[in-house]
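Asks: need a structure here:
(one chain, ligands or ions: 1)
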Amino acid sequence: MPLTATPCLSLFQWTAPLTFVAVFKYLAAVHCLLSHDTLLDADIRGINSFDFIIVGAGSAGSVVANRLSENKNWNVLLLEAGGDPPITSDIPALQTLLYKTENDWQYKTVNNGVTSQGIENGEVSWTKGKMLGGSSSMNALVYLTGNDNDYQSWYDAGNKEWSVDEVRRCFKKAEDLRDEVMLSDPEISSTYGQGGLLAVSRFKNTYRSYTNKIIESWSQLGFKNTSDLNVANYLGAGILPVTAFNGVRESTFTAYLKPIEKRSNLKIVKHALVTKVLIDANSTAYGVEVTKNGVKKTYLATREVILSAGSVSSPQLLMLSGVGPQEHLETNNIECLVNSPMVGQNLQDHALLPVTIYGDKPDSINLIDVVQNIKDYLLYREGFLAQSSIITDAAVFYSTREGATYPNSQSHVTVVNKNFPLIELNLKLTFGYNASVLESIIDLTKEHALYFFEYILLHPYSRGNISLASNDPTDAPLIYANYFGDPRDLEIAVNAIKMLTQILNTPYFKSINAFLGRMNVLACDHFELDSVDYWKCVGTNLVTSIFHPVGTCQMGTSINTSVVDSRLRVHGVKQLRVIDAGVMPTITSGNTNGPTIMIGERGAELIKEDYL
Ligand SMILES: Cc1cc2nc3c(=O)[nH]c(=O)nc-3n(C[C@H](O)[C@H](O)[C@H](O)COP(=O)(O)OP(=O)(O)OC[C@H]3O[C@@H](n4cnc5c(N)ncnc54)[C@H](O)[C@@H]3O)c2cc1C
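Replies: Numbering: from 1, shown residues only. Below you'll find the model as predicted:
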């Protein structure tokens with residue numbers, strides 16, 4: 001019987017997701033089947049000097065802390081503004097329940113009155129992890145490493161430490177490929193590392209019968225079916241590898257920090273908000289100011305301070321510390337110690353546009369299915385709880401330019417059962433569509449299954465920036481995302497979406513009577529569905545983020561064009577580096593967690609080399 005047909009299942013409206021989570025947590029507790037890692041706050045009373053201080057225990061910072069503390073002679077302090085990841089971080093499908101909680105910085109872009117007007121208040125949510133593991137503790141778990149051209153262009157721009165060979169070596173150093181199917185294929189297993197600290201695997205996918213059909217449909221459109229996207233250097237369709245093993249998330253907290261919590265030369269302090277880097281008259285960083293439990297403290301670094309606070313906070317911290325565009329600092333009453341005009345500039349993100357296709361299958365799930373899935377997860381770590389709530393593991397990389405070997409577009413897809421109770425909550429929390437947009441998407445799911453394609457523009461020409469709202473470190477900075485600021489971006493996105501919607505003409509989608517849904521954006525109502533004008537209008541109004549901001553502390557050869565050098569040392573300041581996603585000069589082809597972990601590995605190596 002369909003879920004909505006029974007009166008008691010009116011509970012599967014707004015309260016349903018919470019009921020679902022509560023039931024799950026209860027079962028988990030009763031069965032004691034889930035072990036959940038936490039970490040004790042280090043006691044550093046009486047110690048205030050360290051060799052290295054790392055700010056931020058995210059995707060990069062956790063790696064750096066692990067690698068530097070391998071040297072027993074170095075005392076390392078890792079400061080993290082958030083706390084332990086909650087149990088919802090472990091279970092892939094509960095990812096969205098971390099959004100808009102204390103584990104999320106809850107950043108928003110500034111409403112520019114032009115783009116994203118179909119989003120609540122015209123502000124795009126920039127979800128960002130605030131806990132051990134940072135965003136790797138709440139991301140969609142996709143593990144990709146990017147196309148070789150991404151790194152070749154970094155290298156060609158003068159970043160000599162980042163040749164394709166070095167970068168690939170560092171990916172392999174991080175990876176521990178655990179998936180049996182991948183390991184059994186010699187081409188795949190030789191592409192990934194084995195024996196590294198980060199488990200890489202595949203989801204135990206509940207929707208495989210559907211995702212296989214989608215991958216087959218993509219191949220019928222000319223997007224080659226690949227055995228592995230990494231092996232295919234990101235051209236074609238295939239199954240995404242993920243940072244999960246046996247149904248449980250692998251974050252940089254679980255991979256890089258938890259296993260070494262007993263190292264006596266590494267101190268990890270939670271709930272410690274760094275508010276300033278201390279820089280002396282010789283332009284040398286010598287420590288940080290921190291607030292913890294309302295108390296201000298100062299910690300000193302004899303060798304280096306390393307900012308791994310992410311693409312939003314690292315430039316914010318530099319500016320709060322007097323390193324940034326002079327005029328902007330002075331406007332905010334901050335003494336400019338080093339005029340570094342590119343701090344906070346060069347912001348790039350992967351813009352995301354929704355394409356909603358509906359069809360007859362998959363049908364509704366009922367309460368028995370839900371209970372079965374919970375049981376499957378608790379007993380075998382399988383079922384829909386073992387995979388991300390916002391994407392399946394099918395993806396395609398392609399280009400709008402014929403014959404191109406470098407992708408400019410990516411698409412993920414979420415397969416949503418007819419009448420699926422959590423879809424509204426997931427869309428609201430993830431994308432923040434306004435009521436009329438949300439209603440137009442959800443209404444059709446009452447009678448149809450939804451194939452929610454997320455189109456992603458891989459290499460935007462547009463550049464945004466991050467600036468200070470004030471000199472108060474607790475004020476969120478201003479984020480000007482500038483999606484489609486360069487008109488070429490919208491043009492590529494629209495052409496690419498037109499290629500995607502051709503999937504409606506493939507045998508599988510025809511067999512399920514698939515059709516394209518109209519998303520209710522008032523300004524776009526008069527455009528013919530699936531026309532170029534429709535997509536330009538909908539694209540402009542519904543553009544959001546896939547949460548991949550990079551570039552705000554980009555590496556490069558001079559202070560006028562970049563923030564750090566090729567060894568990630570801040571131009572103009574001694575003993576200060578940035579090691580996080582912000583140092584990418586240009587964004588990579590695909591999701592950015594893997595490349596950021598690689599940056600952590602490479603950054604730590606560069607530091608070790610410098611102190612040999
Ligand atoms: C919801 C979501 C989904 C995503 N999905 C994917 C995906 O599926 N695959 C993928 O490859 N990428 C994904 N990403 C992107 C990827 O996770 C990020 O690119 C990557 O984690 C960035 O790493 P980072 O080290 O630069 O920053 P973060 O991992 O964000 O770490 C920064 C850390 O610094 C801390 N911090 C910040 N300011 C301070 C301060 N002042 N004092 C002390 N600590 C501070 C933060 O709390 C945080 O822990 C996703 C991101 C999000 C948010």
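
Asks: my guess is residue 546 contacts residue 352. True?
Replies: Yes: Residue 546 is in contact with residue 352 according to Cβ atoms under 8 Å; the separation is 4.5 Å. All C-beta spots, glycine's among them, are computed from the backbone N, C-alpha and C.

Asks: anything in contact with each of these two?
Replies: 454, 456 (Cβ atoms under 8 Å, 6 or more residues apart in numbering).

Asks: in the protein, what residue comes closest to the ligand?
Replies: The chain approaches the ligand most closely through residue 58 (1.8 Å), counting by Cβ to the nearest ligand atom.

Asks: quick one: contacts for that residue?
Replies: Applying Cβ under 8 Å, 6+ apart, the residues near residue 58 are 129, 133, 134, 135, 136, 252, 308, 309, 310, 580, 596.

Asks: inside helices: which ones of these?
Replies: Cross-referencing the contacts of residue 58 against helices under DSSP state H gives 252, 310, 596.

Asks: circling back: could you say which helix or strand holds the residue of the chain closest to the ligand?
Replies: According to DSSP states H and E, residue 58 maps onto no helix or strand at all.

Asks: what about the closest residue to it other than its chain neighbours, how many residues nearby?
Replies: Excluding the flanking residues, the one nearest residue 58 by Cβ to Cβ, 6 or more residues apart in numbering is residue 134, at 2.1 Å. Residue neighbour count, defined by other Cβ atoms under 10 Å, stands at 35 for residue 134.

Asks: check residue 498 too.
Replies: With other Cβ under 10 Å as criterion, residue 498 counts 14.

Asks: so it sits in a helix?
Replies: Yes: membership of residue 498 in a helix is supported by DSSP: H, G, I helix; E, B strand; the rest coil.

Asks: pull up the residues of the stretch 501-612 of the chain that are close to the ligand.
Replies: Residues of the stretch 501-612 of the chain that fall close to the ligand, judged by Cβ under 6 Å from any ligand atom: 547, 548, 580, 581, 591, 592, 593, 594, 596.

Asks: turn those into a markdown table, columns for distance to residue 114, neighbour count and pLDDT.
Replies: Formatted as a markdown table, these follow (distance: Cβ to Cβ, whole Å; neighbours: other Cβ atoms under 10 Å; pLDDT from 0 to 100):
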| residue | distance to residue 114 | neighbour count | pLDDT |
| --- | --- | --- | --- |
| 547 | 21 | 24 | 98 |
| 548 | 21 | 25 | 98 |
| 580 | 30 | 31 | 99 |
| 581 | 26 | 31 | 99 |
| 591 | 27 | 26 | 98 |
| 592 | 26 | 26 | 98 |
| 593 | 30 | 27 | 98 |
| 594 | 33 | 25 | 98 |
| 596 | 30 | 30 | 99 |
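
Asks: most widely separated two among those residues?
Replies: Spatial extent of these (Cβ to Cβ) is set by the pair 580 and 591 at 15.3 Å.

Asks: could you pull out the helices for the stretch 351-500 of the chain?
Replies: 367-380, 423-431, 435-445, 487-500 (DSSP state H, counting those that start in this stretch).

Asks: could these be laid out in TSV, adding mean pLDDT and distance to residue 560?
Replies: What follows is the helices of the stretch 351-500 of the chain, written out as TSV (pLDDT from 0 to 100; distance: least, Cβ to Cβ, whole Å):
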stretch	mean pLDDT	distance to residue 560
helix 367-380	87	53
helix 423-431	91	37
helix 435-445	97	42
helix 487-500	98	25
